[in-house]
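Novice: mind looking at a prediction? Sequence and model below.
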Amino acid sequence: MSIPTPHIAAKEGEFAKTVLMPGDPLRAKFIAETFLEDAVLVNQVRGINGYTGTYKGKKVSVMASGMGMPSIGIYSYELFNMYNVDNIIRIGTAGALHANLHVRDVVFGMGACTNSSFAKQFELPGTFAPIASYELLQKGIDVAKSMGNINYRVGNLLSSDTFYDDSMGGMKWQKMGVMAVEMEAAALYMNAARAGKNALAICTISDSLVTGECSSSEERQSSFNDMVKIALEIA
Ligand code: HPA
């Protein structure tokens with residue numbers, strides 16, 4: 001398959017080697033307008049805004065992933081395999097599964113469990129363990145440490161196919177030490193592994209399935225900015 005792809009209209013060379021991926025297209029626009037210099041809109045198909053600009057002189061792109069594994073599966077596949085992107089850093093929100101994780105805390109997804117059937121396509125004779133790029137993870141931790149005011153944890157995520165889950169299935173992963181639930185990291189990590197590329201999911205806790213706490217829109221915005229800064233410094 002060639003460029004442009006069924007879902008991305010950008011021309012060859014219009015994406016940087018590193019792409020930041022929030023779920024929400026308006027967040028992608030906000031990042032481009034607030035943090036990047038000379039940002040150019042490179043994709044608008046289905047409202048999935050993609051931009052390329054520079055951060056501290058380095059070329060960086062930002063494009064939305066949409067919600068869920070099928071959606072990030074499509075965009076990350078096309079970026080890695082058709083646009084020759086090397087690194088994708090997801091920046092999103094997650095629900096805490098641990099009592100000692102609170103809103104605004106940052107979780108670096110060292111691994112991502114899933115209840116989805118995304119891995120079936122690889123026809124492996126067992127269970128694949130989707131993991132982050134060690135290099136991106138280490139850089140992210142270094143940046144978070146140097147920022148000083150970030151309360152971060154490193155561990156396992158659950159990438160769930162359901163946000164509204166009839167059986168509260170997310171809570172069952174707690175006993176295996178899974179820290180937080182979101183909906184995209186596992187597909188991103190699997191596509192990176194298959195393509196021989198690098199991926200990392202950085203999640204801010206927006207709510208807790210344990211305590212019921214929920215972040216305000218202001219908390220969401222400022223913690224989102226912290227996460228963007230971490231991702232941009234890695235890039
Ligand atoms: N479930 C799935 N994804 C999420 C959640 C959640 O509770 N909170 C933020 N993203």
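Specialist: That came through fine. Residues are numbered from 1 along each chain as shown.
Novice: so what's the residue positioned nearest the centre of the chain closest to, chain neighbours aside?
Specialist: In the chain, the C-alpha nearest the mean C-alpha coordinate belongs to residue 90, at 1.8 Å (CA atoms, centre = their mean). Sequence neighbours aside, residue 201 is the residue nearest to residue 90 in space, at 4.2 Å (criterion: CB to CB, 6 or more residues apart in numbering). Backbone N, C-alpha and C define where each C-beta goes, glycine included.
Novice: bridged to whichever residue of the chain sits closest to the ligand, which residues?
Specialist: Among the residues of the chain, residue 95 lies closest to the ligand, at 2.7 Å counting by CB to the nearest ligand atom. Residue 95 has the following beta-bridge partners by DSSP bridges: residue 181, residue 207.
Novice: can you give me the helices in this structure?
Specialist: 25-35, 69-81, 134-147, 185-195, 217-234 (DSSP state H).
Novice: tabulate the ones you listed (CSV), appending distance to residue 166 and mean pLDDT.
Specialist: What follows is the helices of the chain, written out as CSV (distance: least, CB to CB, whole Å; pLDDT from 0 to 100):
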stretch, distance to residue 166, mean pLDDT
helix 25-35, 29, 95
helix 69-81, 19, 98
helix 134-147, 33, 97
helix 185-195, 21, 98
helix 217-234, 26, 88
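Novice: name the residues of the chain found near the ligand, please.
Specialist: 93, 94, 95, 160, 163, 181, 182, 183, 206, 207, 209 (CB under 6 Å from any ligand atom).
Novice: just the buried ones among these, please.
Specialist: Neighbour counting with 16 or more other CB atoms under 10 Å marks 93, 94, 95, 160, 181, 182, 183, 206, 207, 209 as buried within the residues of the chain next to the ligand.
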